[in-house]
Structure formats: C-alpha cells, structure tokens
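Trainee: sharing a model prediction with you, sequence too.
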Amino acid sequence: LPERSTNLLGVRHILLVLSGKGGVGKSTLSTELALALRHRGLRVGILDVDLCGPSIPRMLRVQDRAVHQCDSGWVPVFVGQDGAIALMSIGFLLERPDDAVVWRGPKKNALIKQFVTDVAWGDLDFLIVDTPPGTSDEHISTVEALRPYRLLGAILVTTPQ
Amino acid sequence: PAEAAELRERLRAVRHTVLVLSGKGGVGKSTLSAALAHGLAADERRQIALLDIDICGPSIPKMMGLEGEQVHQSGSGWSPVYVEENLGVMSVGFLLSSPDDAVIWRGPKKNGLIKQFLRDVDWGEIDYLIVDTPPGTSDEHLSIVQYLSATHVDGAVIVTTPQEISLQDVRKEINFCHKVKLPIIGVVENMSGFVCPKCKKESQIFPPTTGGAEKMCQNLNVSLLGKVPLDPQIGRSCDRGQSFLSEAPESPATLSYRNIIQRIQEYCEQHHSQEERMI
C-alpha cells in the first residue's frame, strides 16, 4: 500500500465523480456539489485530475491563478464566494492555457500521485475528485493513491442516451 | 524500424487517412466519424475503413449497428466487420465478451492494441481510412500519430461544441496537432443551435459565450468546416445503430453533415493531386 502522507489525514470524506463517457457534466456536477456543500457551511476541496482537459479552474473563474509551494506541499487555490473552497488542478500548472498536456501514462501517473499526497488540504469535510472520461491511467492511479484514505465512494454521471 | 516497415507495408494500400479528434469528450467525434464513413461509402466505387481507437469507451460498434459482432481471424489477419460491402469497421468493442465489460488498461496496453489494429487487420485496398479517437491528448493520440507516420495522413478534423469549456480543450488539441505536425483539415462545431420543430424558433442550447468555433478558427487561422445544429434524431439514430444521413435526409443537420463531408473529401483529393504533381 502506498505510504500515508499527512496531507489527507484532515479530510473526512473523499468523493470521486466518474463517468465512462465524456461531456456528460462531471466537472459541472463537481463544481455545483462543492458550491452547494460550502453553502451549507461545510469545508470543501476539489481535486481536478483531468490532466488533458482541466475544466474546473474556468468554471470557478480562477483560470489565471498560479499555485505556490509551502513546507507541506502545494497550497491549493482558494475559490468560491467566500474564497473558502480549496482547489487543485493541473490547469494551474500550465504556462499557457492553450498548452496541450501531451503525456503518456507514466508521467500522468506520477503527477496524480503528487496531486493526491502533496497538496496541503488542511481540514476538510469533503474532498471532491473530478476525473476525465474513461477507465485508464488517471482512474487507476487516483484510486490506488486514495486507497489508504477515507474514500467514501463514487458518483457516476451520465446523460440519457 | 522493422516494426515501422511492417506497418508501412500493411498501410500501403490506404489512399487517404483522416483522424477525428477533440480535446473534449462528448462533442460528437464518433457521431461525425460514423456520418463521414456512411457519407463516403455512398459511392460504391470507394472502399472505406472506420477504425475506432477509443479503447475505454468504444461507441462505433453501436452507432454502426454492429453490436455483438465479433472479429474473425483468417490467414491474412483480422477481418474487419463489414456494415456494407465497401465499409469495414474495427473497434475494441468487437473484442469484448459483453458490452458492459470495462477495459481498464494503462497506456502501454492500449498502445499495443492500437498497433495491432493497424498491423494485423486485413483492411485491403482502402480509399479512406477514418480514425475515431477518444477525448484528450494522451497515449492513444501519440501512438496513432506515431504509427500512422508509416503512411500518409491527410489531416485531422477537430470537433467541438460552441461553449468556451469545450473550446478551451479544443485549442489544446489544435496545439497538439501543430506539435506533432499533423495538418488540420478543419473544425466542426456540433450542437450548434436548436430549431424547434413546432414554432421554428432557434435557441442556443450551448451559448457560444466566447464566439464559438467561428471566432476560435479566426483567431487560430484554421478552417471552420461547418456547424451542425442539435437534432434529437441524431442521438436516436446513434442509439439505434442507423445512418442518420439515411434516416433523416431532410434534417438541417444532415445538410450540414453533407457539406462538411464534401469539404473533407475536397481537401483530401486536392492535396493528393498536389502531391502527385510534385512527384
């Protein structure tokens, strides 16, 4: 089992938002869910592991922000009306927003592991993990990296057809 | 090098190759690939091949009415599954024992299958090879470009929907094409408006808040091949495995698709004859 980093120990529930299919509204749901939970006064974070098509930063109007490092790892970007939702996305690491992340699996896996263990989330009630479409590297690596922690479960998104 | 020679040999009899790409999922790549295949295959003198390299979410078998079909082996390799005499299809969907089986593979295994699709399938002589891809810019995309360097690729058709959330990912895809020196035939904007069949009023279901594909194409100097309106008949035809162009010949979406197919064809034939003249 991967080593437990301390960064996720303060997170009470981890929720994965999945679909096999693209374009059905995973990122939209992840964002709305985070905003709704925050509205109820809960402490919320979003982890966007869609490396090729990170949508969350734009949805929360923070596509121009950058991330910084601290002693315990990366500091998430704080978003939402009261700036209290913690967000980490590869979108923040791109030099130019139109840069394609053209990586093969192993490189993606390495970054996802970092994203899961090296972000200083602090204490959260919910961490929502938004994923890309499919059942491949990102999904396998994310589930593997999250296994030692309180993985509540997955919400699956679809459209009617 | 031995591998590359093997692929080159297998793909020698392919005249034109078109990749259908998008950074974004769910914008209608497979729908367009299927329509393109049917549209081109309407000319019975042409031999068309449709290759589905979406390993995790293969939509092509269902869209072509070929669910449940299996791949047969012969002495000359794997047989494509034929929809028409002149339209053959290959997809991981045909290799699954059940349509709900998840293919949970990491990159290298996916790459291996894509190579097999190109090397081991007995496509025969083909006028057009259409390659449907999954969303993203990852293993499948790098591999197909690499393997297809053994043949001539006419270019990529990039699919989007009007909203900025899609265009954001599509710009990345356009940059991917530039990076790997893949010519861009043009962009198709799907789900571009909806005309109510009752009152005929047009609505923008996915508002182009940043100017849609039109503005993006202007900014990035790529061709806009066409805009296809939303039509519930499209989704229905896909679910039923029927050719939308045949099922709804009067739909404005069919007209758009036909124009787009025409433009893709013209691009391929034009560039081909340019190259022939250069030789």
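Mentor: Nice, thanks for sending it over.

Trainee: rest of the way, CA atoms for contacts and neighbours
Mentor: Will do.

Trainee: what residues does the stretch 151-279 of chain B put near chain A?
Mentor: Within reach of chain A by CA under 8 Å from any CA of the partner chain, the stretch 151-279 of chain B has these residues: B:165, B:168-169, B:171-173, B:175-176, B:235-236, B:239.

Trainee: closest one of those to residue A:99?
Mentor: residue B:172 (5.5 Å; CA to CA).

Trainee: which SSE is the closest one in?
Mentor: Following DSSP states H and E, one finds residue B:172 within helix B:164-179.

Trainee: report all helices and strands that that helix contacts.
Mentor: strand B:155-160, helix B:212-220 (3 or more CA pairs under 8 Å, 6 or more residues apart in numbering or on different chains; DSSP states H and E).

Trainee: could you look up the SS state of residue B:49?
Mentor: strand (DSSP: H, G, I helix; E, B strand; the rest coil).

Trainee: look up how far residue B:33 lies from it.
Mentor: From residue B:49 over to residue B:33 the distance is 11 Å, taken as CA to CA, to the nearest Å.

Trainee: center of chain A - which residue?
Mentor: Central residue of chain A (CA atoms, centre = their mean): residue A:47, 1.3 Å from the mean position.

Trainee: quick revisit: for the helix holding residue B:172, which outside residues touch it?
Mentor: Identification of contacts with helix B:164-179 by CA atoms under 8 Å, 6 or more residues apart in numbering or on different chains yields A:52-55, A:58, A:97-102, B:21-24, B:136-137, B:156, B:158-161, B:183-184, B:208-210, B:212-213, B:216.

Trainee: which of the residues of the stretch 151-279 of chain B next to chain A sits closest to residue B:10?
Mentor: So of those, ranked by how close each gets to residue B:10 (CA to CA), first place is residue B:176, at 26.3 Å.

Trainee: what's the burial count for the closest one?
Mentor: If you count neighbours by other CA atoms under 10 Å in any protein chain shown, residue B:176 ends up with 23.

Trainee: over to residue B:136?
Mentor: 28.

Trainee: tell me who's in contact with it.
Mentor: Neighbours of residue B:136 in contact, by CA under 8 Å, 6+ apart: A:52-53, B:22-25, B:173.

Trainee: show the pLDDT at the residue nearest to residue B:249 when sequence neighbours are not counted.
Mentor: Nearest residue to residue B:249, sequence neighbours excluded (CA to CA, 6 or more residues apart in numbering or on different chains): residue B:255, at 7.8 Å. Looking at residue B:255, its pLDDT reads 96.

Trainee: on that earlier part again, find the pair from the residues of the stretch 151-279 of chain B next to chain A with maximum spatial separation.
Mentor: The largest separation in those, counting by CA to CA, is between B:175 and B:236 at 33.4 Å.

Trainee: which one of these two has more residues nearby?
Mentor: residue B:175 (19 against 15).

Trainee: what's the separation between that one and residue A:32?
Mentor: 30 Å.

Trainee: now residue B:64
Mentor: Residue B:64 is 36 Å from residue A:32, by CA to CA.

Trainee: follow-up on the earlier one: quick one: the residues of the stretch 151-279 of chain B next to chain A as CSV, columns for pLDDT too.
Mentor: Below are these laid out as CSV (pLDDT from 0 to 100):
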residue, pLDDT
B:165, 93
B:168, 93
B:169, 92
B:171, 95
B:172, 93
B:173, 95
B:175, 94
B:176, 94
B:235, 95
B:236, 95
B:239, 96
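
Trainee: now what about the lowest-mean-pLDDT helix or strand in chain A, what contacts it?
Mentor: In chain A, no helix or strand scores lower on mean pLDDT, DSSP states H and E than helix A:105-117, which sits at a mean of 88. With contacts defined as CA under 8 Å, 6+ apart, helix A:105-117 is touched by A:4-8, A:47, A:49, A:51, A:88, A:137-138, A:141-142, A:145-146, B:106-108, B:138-139.

Trainee: and the residue lying farthest from the centre of chain B, which of the three is it?
Mentor: Here the centre of chain B is the reference, and by CA atoms, centre = their mean the most remote residue is residue B:199, at 33.7 Å. Secondary structure for residue B:199, judged by three-state DSSP, is coil.

Trainee: ok, residue A:27 - contacts?
Mentor: Taking CA under 8 Å, 6+ apart, one finds A:55-56, A:130-131 in contact with residue A:27.

Trainee: neighbours of residue 117, how many?
Mentor: Let's take chain A. 21.

Trainee: not quite, I wanted chain B
Mentor: Counted with other CA under 10 Å, residue B:117 comes out at 20.

Trainee: one more: residue B:219?
Mentor: Counted with other CA under 10 Å, residue B:219 comes out at 9.

Trainee: pLDDT wise, what is it at?
Mentor: Residue B:219 is given a pLDDT of 97.

Trainee: which other helices and strands does the one helix or strand residue B:266 maps to contact?
Mentor: According to DSSP H and E, residue B:266 maps onto helix B:252-278. Helices and strands touching helix B:252-278, by 3+ CA pairs under 8 Å, 6+ apart, are helix B:29-41, strand B:184-189, strand B:224-227.

Trainee: for residue B:214, give me its contacts.
Mentor: Counted by CA under 8 Å, 6+ apart, residue B:214 has contacts residue B:224.
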